[in-house]
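Participant: any chance you could fold what I've pasted below:
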Amino acid sequence: MAASVSTKGIKCLPGKNVGSLAYTPEEALRIVGHIIESTNVYFEAICFAFYVGRRFNEISDLKWSDLVNDRVLVISHGNTESGNLKNGSDSVHKQYLCDEAYNLLKRYKAERPDSEWIFPNKAGNRIFNNRLNENLKKICGELGITYRSSHKIRAYAITQVSSVGNIESTREFAGHTDYRMTQRYINNAITEANKKTTAALNLGIQTISDHHCNKEKTS
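Facilitator: Modelled structure (predicted):
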């Protein structure tokens with residue numbers, strides 16, 4: 001039956017260039033500076049996202065049990081209805097934390113020592129992605145920054161990492177299986193500008209892959 005199905009009418013649209021709408025380093029600094037001392041759990045999650053570049057649904061799913069040796073996040077939340085990983089072992093991503101992300105998690109743990117979730121809501125359950133974007137929109141409004149969805153934070157982080165690493169190390173940081181997907185998240189205009197300015201604009205995102213991580217660094 002499949003052989004009789006015509007595919008002539010199917011058109012493949014080009015993949016969206018997410019990186020073209022990435023938050024700029026200047027915008028990231030303003031947003032993080034505005035919320036980094038807040039104890040609002042949604043603000044904390046947004047702040048953390050700028051350092052790790054993870055999707056909002058992954059951040060909202062994070063539990064303390066996903067943190068290994070204080071420095072490694074093991075992200076494996078891409079499950080099917082049957083409980084299996086969607087892409088097998090490729091769905092499991094290990095991410096080493098830069099100093100800033102590590103220090104933020106230490107603070108969050110001290111604030112909520114009894115929670116199983118890293119970012120729990122008031123009821124003690126996981127937070128919701130739509131609420132995260134609502135809060136991001138609110139922050140952007142307060143700062144006069146054009147709001148873009150959470151995926152543009154991810155594009156920001158991936159772009160920053162690409163400024164100091166090659167495409168393979170950037171792909172590992174992003175957790176993509178195909179480097180062509182990673183390239184869609186990179187804003188080349190920003191990477192070129194970063195090469196002409198100080199490393200401070202990278203917001204301390206130092207870790208670009210497990211091969212480049214100083215595993216002995218703890219502060």
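
Participant: and the helices in this structure, which stretches?
Facilitator: Secondary structure of the chain, counting by DSSP state H: helices at 25-35, 41-52, 56-60, 99-111, 129-143, 151-164, 167-174, 179-183, 188-194.

Participant: for the closest residue to residue 112 other than its chain neighbours, give its distance to residue 50.
Facilitator: Setting aside the residues directly before and after it, residue 112 is nearest to residue 120 in space (Cβ to Cβ, 6 or more residues apart in numbering), at 6.4 Å. Placement of C-beta: from N, CA and C, glycine included. Residue 120 sits 20 Å away from residue 50, taking Cβ to Cβ, to the nearest Å as the criterion.

Participant: also residue 185?
Facilitator: Using Cβ to Cβ, one obtains 14 Å as the distance from residue 185 to residue 50.

Participant: before we move on, what about residue 133?
Facilitator: 14 Å.

Participant: which one's more surrounded, those two?
Facilitator: Counting neighbours by other Cβ atoms under 10 Å for residue 133 and for residue 50 shows that residue 50 has the greater number, 25 against 18.

Participant: and that one, what pLDDT?
Facilitator: According to the prediction, residue 50 has pLDDT 95.

Participant: wait, it touches residue 156, no?
Facilitator: Yes: in this structure, residue 50 sits in contact with residue 156. The criterion is Cβ atoms under 8 Å, and the distance is 6.8 Å.

Participant: shared neighbours, these two?
Facilitator: Shared contacts of residue 50 and residue 156, defined by Cβ atoms under 8 Å, 6 or more residues apart in numbering, comprise 23, 28.

Participant: re earlier: and the helices of the chain as TSV, adding distance to residue 72?
Facilitator: Shown next, in TSV, are the helices of the chain (distance: least, Cβ to Cβ, whole Å):
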stretch	distance to residue 72
helix 25-35	22
helix 41-52	12
helix 56-60	15
helix 99-111	10
helix 129-143	23
helix 151-164	17
helix 167-174	13
helix 179-183	21
helix 188-194	26
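
Participant: ok, now how distant is the closest residue to residue 146 other than its chain neighbours from residue 104?
Facilitator: The shortest distance from residue 146 to any residue that is not its chain neighbour, by Cβ to Cβ, 6+ apart, is 6.9 Å, and that residue is residue 140. In this structure, residue 140 and residue 104 are 20 Å apart, going by Cβ to Cβ.
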